[in-house]
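Enquirer: Here is my input, please return the structure:
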Amino acid sequence: MAPTSYIDIQVVTLMCHVLNADEDEQFEKLVYCVPTEILLFAPVLYSKHWWLYVLDKSSQEMFVLDSKNISSPSSERTELNKFASNILNQLLKWAGDSSILKKGSLSLLPTYINIPQQPNDFDCAVFVMKWMEMIDPTILAGCCTYNIEQWTEPMLVEFRKKIIAKIILSKENSLRAEAIKEAHNMQLTRHAATLRSPYVQVATPDLPTK
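Expert: Predicted structure coming up:
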């Protein structure tokens, strides 16, 4: 999760588990990262790029959120979108739902949402994880533009920090207590080492400065 680094598939998978277990009202009632009741999120990694498919049962629509494209960039991607449409529709049928896409077409092309694009070549997974966390299905349905602010690189660095903290502190993390204890020990050790340094002068109203 270091800034400018490419994010591994395991991180996105973990974030899906964390969001599904989140007590946030949206994820209790409106959204689930496969399977779903109203929205179905399907993060996709292909040719070193992440994007997000969103299947909305209530509006019977499928969307693409892509931080590098606001329309299909190639015929290959168009075919892949058709394949994804088929797979997601079949997944719902296997779960007991009938085909929900408009007109019953398994090859219906999903709609690309006009959404702010990434400012670099390595933050696509950050965009996907933040979208899963924040997308409001009531705004998404029936629109082609999702109006949010353009995320800058400093903002994306902060997002990375919050995502890794959310994963580590999640109830789904079996090593949560151990991670918190280790972080606490590291913090105490670093502070103590800093205070012992001859180059550091303590300057607070509560402690002597000499």
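
Enquirer: make it CA atoms for all contacts and neighbour counts henceforth
Expert: Will do.

Enquirer: Can you find the helix or strand in this structure with the smallest mean pLDDT?
Expert: Sorting the helices and strands of the chain by mean pLDDT, DSSP states H and E puts strand 31-32 at the bottom, at a mean of 50.

Enquirer: and the helix or strand following that strand, what other elements does it pack with?
Expert: Next along the chain after strand 31-32, taking DSSP states H and E as the criterion, comes strand 39-46. If you count contacts as 3 or more Cα pairs under 8 Å, 6 or more residues apart in numbering; DSSP states H and E, strand 39-46 packs onto strand 31-32, strand 49-56.

Enquirer: Check the contact between Asn173 and Ala165; I expect there is one.
Expert: No. Between Asn173 and Ala165 there is no contact under Cα atoms under 8 Å: 11.1 Å.

Enquirer: How about residues contacting the helix or strand containing Met129?
Expert: Element membership of Met129 [criterion: DSSP H and E] is helix 124-134. Residues outside helix 124-134 that contact it (Cα atoms under 8 Å, 6 or more residues apart in numbering): 7, 12, 15-16, 19, 41, 43, 49-52, 65, 67-68, 118, 156, 159-160.

Enquirer: quick one: contacts of stretch 65-79?
Expert: Contacts with stretch 65-79, where a contact means Cα under 8 Å, 6+ apart, come from 50-54, 109, 112-118, 124, 127-128.

Enquirer: and the closest residue to Met15 other than its chain neighbours, what does it touch?
Expert: Among residues not flanking Met15 along the chain, Ile167 sits closest, at 6.3 Å (Cα to Cα, 6 or more residues apart in numbering). The contact partners of Ile167, by Cα under 8 Å, 6+ apart, come to Leu14, Met15, Val18, Asn173.

Enquirer: Is the residue nearest to the first one when sequence neighbours are not counted in a helix, a strand, or coil?
Expert: Setting aside the residues directly before and after it, Leu14 is nearest to Ile167 in space (Cα to Cα, 6+ apart), at 6.8 Å. Under DSSP: H, G, I helix; E, B strand; the rest coil, the three-state class of Ile167 is helix.

Enquirer: Start the count at 34 instead of 1 going forward.
Expert: In the new numbering, first residue 34, that becomes Ile200.

Enquirer: sorry, back to before: so for Asn206 and Ala198, which sits in the more crowded spot?
Expert: Between Asn206 and Ala198, Asn206 has the larger neighbour count (other Cα atoms under 10 Å), namely 16 against 11.

Enquirer: Let's verify the more buried one: helix, strand, or coil?
Expert: Of the three states, Asn206 takes coil according to three-state DSSP.

Enquirer: Past the helix or strand where Glu112 lies, which element shows up next along the chain?
Expert: Glu112 is part of helix 108-127 when elements are defined by DSSP H and E. Using DSSP H and E, the helix or strand that follows helix 108-127 in sequence is strand 144-145.

Enquirer: Show me what that next one is packed up against.
Expert: Under the contact criterion of 3+ Cα pairs under 8 Å, 6+ apart, strand 144-145 touches strand 94-98.
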